[in-house]
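J.: Next input, structure requested:
(2 chains)
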Amino acid sequence: LAKTTQPISMDSYEGQEVNITCSHNNIATNDYITWYQQFPSQGPRFIIQGYKTKVTNEVASLFIPADRKSSTLSLPRVSLSDTAVYYCLVVQTGANNLFFGTGTRLTVIP
Amino acid sequence: GAVVSQHPSRVICKSGTSVKIECRSLDFQATTMFWYRQFPKKSLMLMATSNEGSKATYEQGVEKDKFLINHASLTLSTLTVTSAHPEDSSFYICSARDVTRVGNEQFFGPGTRLTVL
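T.: A predicted model of the protein is given here:
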């Protein structure tokens, strides 16, 4: 299992773009990168997933360099409701179980 | 689509009693569900994998006789915390993957907060 490392916490003002970087130096060839968001007292919610280069959906973008040893979750123009913990996970293709790291606690300030 | 529910959302019980938590996939079938535990300000910790029609697979350090898991149907898994003690107080979350959907995302339930007095 590839271990992930991400900042413990980040603060951002409303309206700014937030980039959360996750390092996963031991990622394997058949692993992909997934990000989840968790609000207090709720289950995690899937945000985005990717294998390489860039993936974008209606919520976020995920940038993965060629060596895949890191990834960056980009949240455009955050609002107060984006205050949450964001988890970066490396998941083996075909695997079902997920192992969560410490996550990044994002606080959006008015 | 792909909604997972949990019941109850919150439970308070006395030390020594047993508590059952239900996890349901509402609009899809899940041969495999997962149970996590989360302590305050901590990350989710995978406890066990619940397999429909067979025994659950427990992670290292999780007592299978303490945390009984039953997955009797394709839409329901239950976690029973037996002889609960205050140190079992935690947030319990289940998840499932809809294998008919493209992608590998898992869908999580809203969680159950257990408080043992």
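J.: rest of the way, CA atoms for contacts and neighbours
T.: Will do.
J.: Show me where chain A dips below the pLDDT cut-off.
T.: For chain A, the stretches with pLDDT under 70 are A:1-2.
J.: Near chain B, which residues of it are found?
T.: Listed as neighbours of chain B in chain A under the rule CA under 8 Å from any CA of the partner chain: A:41-46, A:96-103.
J.: ok, 10 Å please
T.: A:32, A:34-36, A:40-49, A:85, A:87, A:91, A:93-103, A:105 (CA under 10 Å from any CA of the partner chain).
J.: Buried ones among the residues you listed?
T.: Among the residues of chain A next to chain B, the ones that count as buried by 16 or more other CA atoms under 10 Å in any protein chain shown are A:32, A:34-36, A:41-49, A:85, A:87, A:91, A:96-103, A:105.
J.: Would you pull up how far stretch A:40-59 lies from the middle of the chain?
T.: 7 Å (CA atoms, centre = their mean, to the nearest Å).
J.: need the contact list for residue 34.
T.: Went with chain A since none was named. Listed by CA atoms under 10 Å, 6 or more residues apart in numbering or on different chains, the contact set of A:T34 reads A:46-51, A:62, A:71, A:73, A:87-91, A:98, B:104-105.
J.: try again with chain B
T.: Per CA under 10 Å, 6+ apart, neighbours of B:F34: A:96-98, B:23, B:46-51, B:56-58, B:77, B:93-97, B:106, B:108.
J.: how does it look with 6 Å?
T.: If you count contacts by CA atoms under 6 Å, 6 or more residues apart in numbering or on different chains, B:F34 has them with B:A48, B:T49, B:S50, B:C94, B:S95.
J.: what would those residues look like in JSON lines with pLDDT?
T.: What follows is the contacts of B:F34, written out as JSON lines (pLDDT from 0 to 100):
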{"residue": "B:A48", "pLDDT": "94"}
{"residue": "B:T49", "pLDDT": "92"}
{"residue": "B:S50", "pLDDT": "90"}
{"residue": "B:C94", "pLDDT": "97"}
{"residue": "B:S95", "pLDDT": "94"}
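J.: Make a markdown table out of those residues and add distance to chain A and neighbour count.
T.: A markdown table is the format used below for the contacts of B:F34 (distance: CA to the nearest CA, whole Å; neighbours: other CA atoms under 10 Å in any protein chain shown):
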| residue | distance to chain A | neighbour count |
| --- | --- | --- |
| B:A48 | 9 | 25 |
| B:T49 | 7 | 23 |
| B:S50 | 10 | 28 |
| B:C94 | 8 | 34 |
| B:S95 | 9 | 30 |
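J.: Format those as a markdown table; extra columns: distance to B:S5 and secondary structure.
T.: Below are the contacts of B:F34 laid out as a markdown table (distance: CA to CA, whole Å; DSSP: H, G, I helix; E, B strand; the rest coil):
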| residue | distance to B:S5 | secondary structure |
| --- | --- | --- |
| B:A48 | 18 | strand |
| B:T49 | 17 | strand |
| B:S50 | 16 | strand |
| B:C94 | 9 | strand |
| B:S95 | 9 | strand |
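J.: Just the contacts of A:T34: which are in strands?
T.: Counting by DSSP state E, these place A:46-50, A:62, A:71, A:73, A:87-91 in strands.
J.: And what about B:A30, helix, strand or coil?
T.: The local conformation at B:A30, judged by DSSP: H, G, I helix; E, B strand; the rest coil, is coil.
J.: What about the residue nearest to it when sequence neighbours are not counted, how many residues nearby?
T.: Nearest in space to B:A30, with sequence neighbours left out and distances taken as CA to CA, 6 or more residues apart in numbering or on different chains, is B:L74 at 5.2 Å. Per other CA atoms under 10 Å in any protein chain shown, the neighbour tally for B:L74 reads 17.
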